[in-house]
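Trainee: what's the 3D shape of this:
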Amino acid sequence: MPIRRDSKERYVEVELRRGEETLWERCRACGELVFRRRLKENNYICPKCGAYFFLTAQERVVALIDEGTFQDLTLPLESTDPLSFSDRKPYRDRLREAQETTGLKDAVVVGRGKLAGHPVVLAVMEFRFIGGSMGTVVGEQLAHAMEQAVEAREPFLFVVASGGARVQEGVLSLLQMAKTVAVREQLARQGVPYIAVLTYPSTGGVMASLASLADFTLAEQGALIGFAGPRVIEQTTGQKLPPGFQRAQYALSHGVVDAVVPREGLKGELAHLLDILQGVPSA
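Mentor: Numbering: from 1, shown residues only. Have a look, this model is predicted:
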């Protein structure tokens, strides 16, 4: 799924099935062949054209959490295919394929760790797992993460990469919107900060619920942010959408996010926010 680069947005395509044995990666934006180690050292940004490669959930954790401090809190849950759903292939087959590709049971990783020395509880979505969609398992994992943050009285960090609710679980997936919002209220009542980081893409039912209710909302530069896709909106309204619609800078100019941050500065910006929350004086 290539995403073409333009002069204002730097988030572009890339390979979703990177294997650890791969020595080289080809940027689909410019065609450059990049040594994998160099790409990793450059935050998975093409050193030639600045295109952003998709990050896996594990890579997001490594990028944000201090080395040696991450504790995996993901519950051992798997979907039971409650509707016995099948479209072009059975839902059970989709689940199995996604699990084999990602090494995860579902589309989110939950854990605790330190970000620039600050303890946090975090949930990081995995877009490779059926488009980072939210079904019953993801909803339960997100609720679990927020409950852990309340119990530990540590800030909750949610890194979003989702196409929305999982259609294969029908209304049960939509109910996760209400459940996660209800648990988010516990954070507010207990005075536990909640920070959301919106990446490419942050859309659908996840964006329409938990992802839009943070105390602080950052967007990674070039992120796609919205509910329905631009094509669906144009077909429904019969109107041509403005340039940059639903991209990070557009969201910033319309008050949807608090800041747009380049990937290489994301950890530093989050650390600065955590400093402010803990009353650490600025240098």
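Trainee: how about the helices in the stretch 1-150 of the chain?
Mentor: 36-41, 57-64, 91-102, 136-152 (DSSP state H, counting those that start in this stretch).
Trainee: residue 272 is nearest to which of the ones you listed?
Mentor: Across the helices of the stretch 1-150 of the chain, residue 272 has its closest neighbour in helix 57-64 (13.5 Å, Cβ to Cβ). For the C-beta atoms, the positions are set from N, CA and C on the backbone; glycine is no exception.
Trainee: export only the CA atoms of that closest one, formatted as CSV.
Mentor: Presented in CSV, the C-alpha positions along helix 57-64 are these (Å, rounded to 0.1, in the frame of the first residue of the first chain):
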residue,chain,number,x,y,z
ALA,A,57,4.4,-2.2,17.6
GLN,A,58,7.6,-3.7,18.9
GLU,A,59,9.6,-1.0,17.0
ARG,A,60,7.5,1.7,18.5
VAL,A,61,8.2,0.4,22.0
VAL,A,62,11.9,0.3,21.3
ALA,A,63,11.8,3.8,20.0
LEU,A,64,9.9,5.3,22.9
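Trainee: outside of that helix, which residues touch it?
Mentor: With contact meaning Cβ atoms under 8 Å, 6 or more residues apart in numbering, helix 57-64 is reached by 43-44, 55, 70, 102, 104, 108-109, 111, 113, 115, 122, 124-126, 157, 159, 161, 263, 266-267, 270.
Trainee: I figured residue 222 hits residue 248, correct?
Mentor: Yes: contact criterion Cβ atoms under 8 Å: residue 222 and residue 248 qualify, at 5.9 Å.
Trainee: neighbour count for the two, which is higher?
Mentor: Higher neighbour count among residue 222 and residue 248: residue 248, with 29 against 24, using other Cβ atoms under 10 Å.
Trainee: what segments of the chain are strands?
Mentor: For the chain, the strands defined by DSSP state E occupy 24-26, 33-35, 71-72, 108-115, 118-125, 156-162, 194-202, 216-220, 259-261.
Trainee: who are the packing partners of the fourth one?
Mentor: Using 3 or more Cβ pairs under 8 Å, 6 or more residues apart in numbering; DSSP states H and E, the elements in contact with strand 108-115 are helix 57-64, strand 71-72, strand 118-125, helix 136-152, helix 266-277.
Trainee: wait, which of those is closest to residue 94?
Mentor: Per Cβ to Cβ, nearest to residue 94 of these: helix 136-152, 13.4 Å.
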